[in-house]
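>>> below are the sequence and a predicted model; questions follow.
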Amino acid sequence: MYNPYDRQGFPGFPGGGFGPGGGMPPGPPPGFGGGGAQAPTGPPPSQIPQQSPSLFAVDPGAISGCLFRFTYVWLNNGNSFWFYPTFVGRTSVAGYRWRPRQFRWVYFGIDTQRIASFSCR
């Protein structure tokens, strides 16, 4: 079965996520059920958790324990942000990323290999 979130980025959005050449629409791609999950109705927690060192690549099975929970994500490139995951695939995760300057949640997806560590509440 075709999974639009595995490895190749997102259809119509080369590179997937908010990286170079990437960018996501405000909601899930057309035709993707995603469980009908909505973005949180308010902002994420104000306190950012401490990063714990990760010795291994992030496993989709591990991050699936954070589904529908406020999750703080640290990327390999040094960026970090609040995330509300609603979908976990074999090699990717999608959900809503908090955009503090815009004070809103934006639909977002990323390859799990780009994630250095995460912490969910």
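Perfect, I can see it now.

>>> CA only for contacts and neighbour counts going forward, please
Noted.

>>> strands of the chain, start to end?
71-75, 80-88, 92-99, 104-111, 115-120 (DSSP state E).

>>> how about the longest one: buried residues?
It stands for strand 80-88. Ser80, Phe81, Trp82, Phe83, Tyr84, Pro85, Thr86, Phe87, Val88 (16 or more other CA atoms under 10 Å).

>>> now do the third one
Across strand 92-99, burial judged by 16+ other CA under 10 Å covers Ser92, Val93, Ala94, Gly95, Tyr96, Arg97, Trp98.

>>> and the residue nearest to the last one when sequence neighbours are not counted, what does it touch?
To tie it back to what came earlier, the one meant is Trp98. Closest residue to Trp98 apart from its sequence neighbours, by CA to CA, 6 or more residues apart in numbering: Trp105 at 4.6 Å. Shown in contact with Trp105 (CA atoms under 8 Å, 6 or more residues apart in numbering): Ala39, Pro40, Tyr96, Arg97, Trp98, Arg99.

>>> confidence score at the first one?
Which is Ala39. According to the prediction, Ala39 has pLDDT 95.

>>> thinking again about what came up before, nearest to Phe70, of the buried residues of strand 80-88?
When those are compared for distance to Phe70 (CA to CA), Tyr84 wins out at 5.1 Å.

>>> wait, that closest one touches Arg99, no?
No. Taking contacts as CA atoms under 8 Å, Tyr84 lies outside contact range of Arg99: 11.8 Å.

>>> where does pLDDT dip in this structure?
1-36, 55 (pLDDT under 70).
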